[in-house]
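Asks: what shape does this take:
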Amino acid sequence: MRNVWIIFRKEMRSYFASPIAYLLLTMFAIIFGWFFWNALGYFVIEGMEMQMSGQSLPMNINEQIMRPLLMNASVLGLFFIPLITMRLFAEEKRAGTIELLATSPVRDLQIILGKWLAALALYAIMLGFTAINFAFLFRFGNPDWKPMAIGYLGLLLQAGALLALGTFISTLTRNQIIAGATTFGACLLFYVFGWVAGYDTSTWANVFNYLSIATHFGSFGKGVIESKDAIYYVTFIFLGLFFTARSLESMRWRS
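Replies: Purely as a prediction, here's the structure:
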C-alpha cells in the first residue's frame with residue numbers, strides 16, 4: 001500500500017501543479033451551478049403557479065431537483081473524465097518516464113491503482129463542489145439526504161468504471177489528445193448503448209442495454225441500491241484495470 005500511496009500523491013501533485021485540476025474544478029462547478037440555478041428556478045415558478053391556481057399537490061425536492069441534477073452530473077462526467085485520464089500514461093510515454101516506472105521496484109498493479117485512485121479522488125473533489133449547491137436546499141428546505149447520498153455513490157461508481165476505461169486507453173498511445181478523444185468516444189458509446197432498448201426487445205438489444213452505464217445509474221438516481229447495478233460497476237472497474245495491467249505487461253515485452 002505504501003507504493004500505491006506514493007504513486008497517488010505523485011499524481012495528485014501533478015494535477016494541482018498545473019492548471020488542469022483548477023480548470024476542471026472551476027468549469028464543473030460553474031456548469032453544475034447553472035443547472036442547479038435553472039432547476040431551482042423552475043421549481044419555484046411551478047410552486048407559485050400551483051398556488052395561484054389553487055392546486056395543493058405536494059412538491060418533492062428530491063424528485064424535481066436532486067434526481068434530475070444527479071442525472072445531469074452523470075452526463076457531465078462523460079466530458080470531464082477523458083480530460084482527467086488522458087495524461088495518466090500517455091504523458092509518461094511522451095516524456096520518456098514510462099521506462100523509469102517499468103524498471104522501478106514498483107509493481108504494475110501498484111502503479112495502476114495509484115494513478116486510478118488519484119483520478120477518482122480528483123473527480124470526487126469535483127463532485128464535492130456540487131454538494132455546496134445542495135446545501136442551500138437543506139438550509140431553506142427539508143429534502144431527504146439518503147437518496148442524495150445513494151445518488152453520489154452511483155456517480156462515484158460510474159466515474160470509477162469510466163476512469164478505469166480511460167486509464168486503459170491512456171496506455172495505448174503517447175498522444176494525450178488521441179487518448180482523450182478515444183476515451184470520450186468510448187464513454188459516450190457506453191452511455192448510449194441503452195437507447196436501443198427503446199425500440200427493440202430482442203436478445204442483442206437487451207445485451208446492449210445491460211452494457212449501458214446509464215441503465216445501471218437509474219436505480220442510484222432514484223435513491224435505490226440494486227446489487228446487480230453495483231456488481232456491474234465493480235466488474236467494469238476490475239476489467240478496465242485488468243486490461244490496463246495487460247497493456248503495461250505487453251509494453252515490458254516489447255521493450
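Asks: ok, Gly194 touching His216?
Replies: No - Gly194 is not in contact with His216 according to Cβ atoms under 8 Å; the separation is 9.0 Å. Yep, even glycine has a C-beta here, placed from its N, CA and C like the rest.
Asks: neighbour count for the two, which is higher?
Replies: Set side by side, Gly194 and His216 show more neighbours around His216, with 24 against 19, by other Cβ atoms under 10 Å.
Asks: for that one, which non-adjacent residue is closest in space?
Replies: Nearest residue to His216, sequence neighbours excluded (Cβ to Cβ, 6 or more residues apart in numbering): Asp229, at 4.0 Å.
Asks: now the one you found: which helix or strand?
Replies: helix 227-254 (DSSP states H and E).
Asks: thinking again about what came up before, measure the residue nearest to His216 to Thr85 for me?
Replies: Separation of Asp229 from Thr85 (Cβ to Cβ, to the nearest Å): 22 Å.
Asks: swap in Met52?
Replies: Distance, Met52 to Thr85, by Cβ to Cβ: 49 Å.
Asks: between those two, which one's more packed in?
Replies: Between Met52 and Thr85, counted using other Cβ under 10 Å, the more crowded position is Thr85 (28 against 8).
Asks: for the more buried one, grab phi and psi.
Replies: For Thr85, the backbone dihedrals (degrees, to the nearest 10) come out as phi -90, psi -20.
Asks: show me the contacts for the nearest residue to it once chain neighbours are set aside.
Replies: Residue nearest to Thr85 in three dimensions, not counting chain neighbours: Gly166, with 2.9 Å by Cβ to Cβ, 6+ apart. When contacts are counted by Cβ atoms under 8 Å, 6 or more residues apart in numbering, Gly166 touches 81-82, 84-86, 88, 119, 179, 183, 186-187.
Asks: other SSEs contacting the helix holding Asp229?
Replies: helix 98-103, helix 108-140, helix 145-170, helix 213-221 (3 or more Cβ pairs under 8 Å, 6 or more residues apart in numbering; DSSP states H and E).
Asks: got the angle for the last one vs helix 145-170?
Replies: Yep, that's helix 213-221 we're talking about. 160 degrees (axes from the mean of the first three to the mean of the last three Cα atoms, to 10 degrees).
Asks: who does helix 213-221 touch, helix- and strand-wise?
Replies: Here helix 213-221 touches helix 67-85, helix 145-170, helix 176-192, helix 227-254, going by 3+ Cβ pairs under 8 Å, 6+ apart.
Asks: mean neighbour count, those helices: which tops it?
Replies: Comparing the helices and strands packed on helix 213-221 by mean neighbour count (mean count of other Cβ atoms under 10 Å), helix 145-170 ranks first with a mean of 23.
Asks: what stretches of the stretch 51-200 of the chain score poorly on pLDDT?
Replies: Applying pLDDT under 70 to the stretch 51-200 of the chain flags the ranges 51, 54-60, 62, 99, 101-103.
Asks: my guess is Gly154 contacts Phe220. True?
Replies: Yes - counting by Cβ under 8 Å, Phe220 is a contact partner of Gly154 at 2.4 Å.
Asks: what do the two both touch?
Replies: In terms of Cβ under 8 Å, 6+ apart, Gly154 and Phe220 are both contacted by the residues 70, 229.
Asks: re earlier: from the chain's centroid, how far away is the helix holding Asp229?
Replies: A distance of 16 Å separates the centroid of the chain from that of helix 227-254, by Cα atoms, centre = their mean, to the nearest Å.
Asks: just the angle between that helix and helix 176-192, please?
Replies: Here the directions of helix 227-254 and helix 176-192 differ by 150 degrees (the same axes, to 10 degrees).
Asks: now do the contacts for the spatially most central residue of the chain.
Replies: Per Cα atoms, centre = their mean, the C-alpha nearest to the average position across the chain is that of Ala159, at 2.4 Å. Residues near Ala159 by Cβ under 8 Å, 6+ apart: 77, 81, 120, 123-124, 127.
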